[in-house]
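S.K.: Give the three-dimensional model of this entry:
(one chain, ligands or ions: 1)
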Amino acid sequence: MHLNKNAFALITGASSGIGQATAEGLAALGKNLIIVARRKDRLEELHQRLEKEHGITVKTYSLDVSDLRAVETFYQDIAGLKIDMLINNAGLSRGKESFEDYNFSDWEEMIDVNIKGFLKIAQLAIPFLKATKGHIVNLSSTAGLEAYEGGNVYGGTKSFVQMISKSLRIDLITTGIRVTDIAPGMVNTEFSSVRFRGDKARSEAVYKGYEELSADDIADNIVYCVTRPPHVNIESLVVYPTAQASPRIFHKK
Ligand code: 8X3
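M.R.: Numbers count the residues shown, from 1 in each chain. The predicted structure is shown next:
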């Protein structure tokens, strides 16, 4: 297992779900962390707990990645820190309507976070990662590989993430920076309650009748990718629950 304990892993969307589980997984290996999310209280709780449990250094930063000026300020504030991993995880889905019925502002919110925020976070991380020959892990989705009803723009933003992962592999080829794209299928996180704006029945139904993935399952894959030797780059992983064969095909009991 290869891991530099003197450098930080920067994780966006770290206050819950896959981001938090990845923070926990890396902390358990002794990795120092910069955890970023909008919800300050949850970050603070995680910060205290991980430092105490694992004796690592954790820095927290409350940030909405779609606020591009705030992202610039964030990177200015952390200038000088040694960072060798970016887990570019912040992202969301809003709504699941047919194209013609979609609320345009829901599309804009997804584009602002999943595309513009994602790009800004990635671009400004590169000077840090060049200095350490670091690793970028982008979180896309199986929704970026195949279309489904109402997935339209969400799926488009995730195809975008996959294309940028491939482009980064090409544009950064001389730098030693690795780039990995992780495309999860159904993972039980706050994803569905955010998508359905707190509609409990609708969001719980998404994970009923089969064994879905947990955030820990995906974090386990991320930790695997970032602890390979420096000459090994896992370009992409597509990870489904066993009972899901594609975004639309499930074996439910
Ligand atoms: C989450 C999986 O199929 O709900 O990205 O879009 S899906």
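
S.K.: In terms of pLDDT, where does residue 37 sit?
M.R.: With respect to pLDDT, residue 37 has a value of 98.

S.K.: That one: what's it in contact with?
M.R.: By C-beta atoms under 8 Å, 6 or more residues apart in numbering, the contact set of residue 37 is 12-16, 19, 43, 62-63, 90. In short, each C-beta sits where N, CA and C put it, glycine included.

S.K.: Find the nearest non-adjacent residue to it, please.
M.R.: Nearest non-adjacent residue to residue 37, counting by C-beta to C-beta, 6 or more residues apart in numbering: residue 15, 3.6 Å away.

S.K.: is it true that the one you found touches residue 47?
M.R.: No - using C-beta atoms under 8 Å as the test, residue 15 is too far from residue 47 to be in contact (10.4 Å).

S.K.: how about a markdown table for the contacts of residue 37, with secondary structure, neighbour count and pLDDT added?
M.R.: Listed next are the contacts of residue 37 as a markdown table, based on DSSP: H, G, I helix; E, B strand; the rest coil; neighbours: other C-beta atoms under 10 Å; pLDDT from 0 to 100:
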| residue | secondary structure | neighbour count | pLDDT |
| --- | --- | --- | --- |
| 12 | strand | 28 | 98 |
| 13 | coil | 26 | 98 |
| 14 | coil | 31 | 98 |
| 15 | coil | 25 | 97 |
| 16 | coil | 17 | 97 |
| 19 | helix | 28 | 98 |
| 43 | helix | 23 | 97 |
| 62 | strand | 17 | 98 |
| 63 | coil | 21 | 97 |
| 90 | coil | 24 | 98 |
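
S.K.: For those, work out which two are farthest apart.
M.R.: Across those, no pair lies farther apart than 16 and 63, at 14.8 Å, counting by C-beta to C-beta.

S.K.: ok, which stretches of the stretch 151-253 of the chain are helices?
M.R.: For the stretch 151-253 of the chain, the helices defined by DSSP state H, counting those that start in this stretch cover 152-171, 191-195, 200-205, 215-226.

S.K.: Next up, the contacts around the residue nearest to the spatial centre of the chain.
M.R.: For the chain, residue 89 is the residue whose C-alpha lies nearest the centre (C-alpha atoms, centre = their mean; 1.6 Å). The contact partners of residue 89, by C-beta under 8 Å, 6+ apart, come to 11-14, 18-19, 22, 137, 139.

S.K.: measure it to the ligand for me?
M.R.: 12 Å (C-beta to the nearest ligand atom, to the nearest Å).

S.K.: Same question for residue 242.
M.R.: Distance of residue 242 to the ligand, given as C-beta to the nearest ligand atom: 16 Å.

S.K.: number of nearby residues for that residue?
M.R.: 9 (other C-beta atoms under 10 Å).

S.K.: Once you drop chain neighbours, what's closest to it?
M.R.: The shortest distance from residue 242 to any non-neighbouring residue, by C-beta to C-beta, 6+ apart, is to residue 211 (7.2 Å).
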